[in-house]
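# build me a model:
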Amino acid sequence: MDNPSTGDAILQSVKVEVTIALGKARPTMAELGRMAVDTVLPLDCVIDDPVDLYVGNRLVAEGILEEANDAEPGSIAVRVSKIFDQSS
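Predicted coordinates for the structure are as follows:
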């Protein structure tokens, strides 16, 4: 049987996809039908609103968008500002 600490180490190295939700757009079906390149879909938020961080369909944290320091110019990152209790 594997050593439990070895199993923990393996789990710690598993990459998890985090989805960042900026906001929602609510176009009509007619507006979707007319959608083309350069169409602008207004979102239900403003640029400084917090964003939601999801793992799968579970909301795990909230954050603020900012420019990434160690990436290409114009790249964005999320600074985590709140972590939600995952015990339930």
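# which neighbouring elements make contact with the biggest strand by length in the chain?
Identified as the longest strand of the chain according to DSSP state E is strand 58-67. Helices and strands in packing contact with strand 58-67 are listed as strand 51-55, strand 76-83; criterion 3 or more Cβ pairs under 8 Å, 6 or more residues apart in numbering; DSSP states H and E. Glycine gets a C-beta too; all of them are placed from N, C-alpha and C.
# what distance do you get for the most centrally placed residue in the chain to Pro73?
The structure's the chain has its C-alpha centroid closest to Ile20; by Cα atoms, centre = their mean the separation is 1.2 Å. Here the distance between Ile20 and Pro73 works out to 20 Å (Cβ to Cβ, to the nearest Å).
# what lies in contact with stretch 30-44?
Taking Cβ atoms under 8 Å, 6 or more residues apart in numbering as the criterion, the residues outside stretch 30-44 that touch it are 22-27.
# quote the end-to-end distance of it.
Across its full length, stretch 30-44 reaches 19 Å between end residues, using Cα to Cα, to the nearest Å.
# what does stretch 11-19 give?
20 Å.
# can you check stretch 23-31 too?
With Cα to Cα as the measure, the ends of stretch 23-31 fall 18 Å from one another.
# repeat that for stretch 20-28.
Using Cα to Cα, one end of stretch 20-28 lies 24 Å from the other.
# work out the gap between that stretch and the centre of the chain.
13 Å (Cα atoms, centre = their mean, to the nearest Å).
# swap in stretch 54-72?
Counting by Cα atoms, centre = their mean, stretch 54-72 comes out at 5 Å from the chain centroid.
# over to stretch 78-88?
The offset between the C-alpha centroid of stretch 78-88 and the centroid of the whole chain comes to 12 Å, using Cα atoms, centre = their mean.
# got the contact list for that stretch?
Applying Cβ under 8 Å, 6+ apart, the set of residues contacting stretch 78-88 from outside is 20, 50-51, 53, 58-66.
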